[in-house]
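Visitor: Fold the following, please.
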Amino acid sequence: MAASRGVASFRLPPLPTIGEIIKLFKLRAEKQLSQNFLLDLRLTDKIVRSAGSLKDAYVCEVGPGPGGITRAILNAGVAELLLVEKDPRFIPGLQMLSDAAPGKVRIVHGDILTYQLDKTFPKHLEKNWGDDPPDIHIIGNLPFSVSTPLIIKWLENISRRDGPFRYGRIQMTLTFQKEVGEVDVAVIHFTPLVQPQIEQPFKLVEKVVQSVFQFRRKYCHQGVRILFPEARRLEKAEQMLMLADVDPTLRPTQLSMYHFKNLCDVYRKMCDEDPDLFVYNYRHELREKRLKKANFKRTVDDDLI
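Guide: The predicted structure is shown next:
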């Protein structure tokens, strides 16, 4: 009897298949929302298993859609499952799952980009940052259009240890879609580090990384240059790369974490020496140049008339 206690005792009762749910509620994946439906139960089970043991865990599923992954999560024996779904078409089907698992499922019709997860889970689950991760998991099959802004938001939460990460180093198991005729799905499991590899403010790290990857097919010095105003661009970019010990002819995808750490550390020192540097925005400067050029052309045309 003792051995059986470790096995999840809850199993969903017989329900319509995901395919039948889709037909019943006349659902279809919206391309403009980059949605896709995971119908293969072997795949959804594999995604959930990659999260580790969910027995008695508290789980938030992002964008459950018709509920393929949701069923696998419930069958893993979770204590509670929060579903955050933006698309109202999926709510009736998810309500069927909720009715089949009384007391285990909460459904929120909302946008995960704006929904606050900081008070979602019981307070007793909170842990210190240096402790093992709390028994809380975030799982989601992320549409392409949502994945980047959502990951950036959560990375910033991690850096500040707020939002859902006020509970500690919450683990995330997320799928990322790559549409190539059929949909390929990559499953990635995240556990926040106790100590970040780059100990600089998140906004500074974000600015450096975004600038470097602005020209991902070109040499990295092209992206580093746009961190600086045009008048000092070449000189300052060369100085930053030299101090960071980064080869300017490496492409962004060839840079290691060590390279990015050095770039961020050097850029921080340069911003400390020149406080106006951090607020400089390459796109704003480019926009102003184009506006001045357009105004000049209008003036010349008016003079000719």
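Visitor: Strands of the stretch 101-250 of the chain, start to end?
Guide: For the stretch 101-250 of the chain, the strands defined by DSSP state E, counting those that start in this stretch cover 105-109, 136-142, 171-180, 182-190.
Visitor: can I get those strands in CSV with mean pLDDT, distance to residue 154 and mean neighbour count?
Guide: Where C-beta positions appear, they are placed from N, C-alpha and C, glycine not excepted. CSV is the format used below for those (pLDDT from 0 to 100; distance: least, C-beta to C-beta, whole Å; neighbours: other C-beta atoms under 10 Å):
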stretch, mean pLDDT, distance to residue 154, mean neighbour count
strand 105-109, 96, 17, 16
strand 136-142, 94, 8, 24
strand 171-180, 78, 7, 17
strand 182-190, 81, 9, 13
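Visitor: Domain map for this protein?
Guide: Per automatic domain parsing, the domain ranges recorded for the chain read 3-190, 202-288.
Visitor: quick revisit: looking at the strands of the stretch 101-250 of the chain, which is nearest to residue 59?
Guide: Nearest to residue 59, of all these, is strand 136-142, at 4.8 Å by C-beta to C-beta.
Visitor: returning to what we had before: Throw the domains of the chain into CSV and include distance to residue 294, thanks.
Guide: Below are those laid out as CSV (distance: least, C-beta to C-beta, whole Å):
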stretch, distance to residue 294
domain 3-190, 31
domain 202-288, 11
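Visitor: Go through these and find the least confident stretch.
Guide: With a mean of 87, domain 3-190 has the lowest mean pLDDT of the domains of the chain.
Visitor: roughly how far out does it sit from the chain middle?
Guide: On the basis of C-alpha atoms, centre = their mean, to the nearest Å, domain 3-190 sits 14 Å off its chain's mean C-alpha point.
Visitor: where along this protein do the helices fall?
Guide: 18-24, 41-49, 68-75, 91-100, 144-160, 202-212, 220-225, 233-243, 257-273, 276-279, 282-304 (DSSP state H).
Visitor: could I get these as CSV with mean neighbour count and distance to residue 176?
Guide: Shown next, in CSV, are those (neighbours: other C-beta atoms under 10 Å; distance: least, C-beta to C-beta, whole Å):
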stretch, mean neighbour count, distance to residue 176
helix 18-24, 16, 21
helix 41-49, 17, 12
helix 68-75, 24, 14
helix 91-100, 17, 22
helix 144-160, 16, 5
helix 202-212, 18, 18
helix 220-225, 22, 23
helix 233-243, 16, 31
helix 257-273, 17, 20
helix 276-279, 12, 31
helix 282-304, 10, 27
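Visitor: Output those helices as JSON lines; include the columns distance to residue 250.
Guide: Shown next, in JSON lines, are these (distance: least, C-beta to C-beta, whole Å):
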{"stretch": "helix 18-24", "distance to residue 250": "45"}
{"stretch": "helix 41-49", "distance to residue 250": "35"}
{"stretch": "helix 68-75", "distance to residue 250": "38"}
{"stretch": "helix 91-100", "distance to residue 250": "47"}
{"stretch": "helix 144-160", "distance to residue 250": "23"}
{"stretch": "helix 202-212", "distance to residue 250": "10"}
{"stretch": "helix 220-225", "distance to residue 250": "5"}
{"stretch": "helix 233-243", "distance to residue 250": "10"}
{"stretch": "helix 257-273", "distance to residue 250": "8"}
{"stretch": "helix 276-279", "distance to residue 250": "23"}
{"stretch": "helix 282-304", "distance to residue 250": "20"}
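Visitor: Show me the one of those helices that comes nearest residue 173.
Guide: Among the helices of the chain, helix 41-49 sits nearest to residue 173 (C-beta to C-beta), with 6.9 Å.
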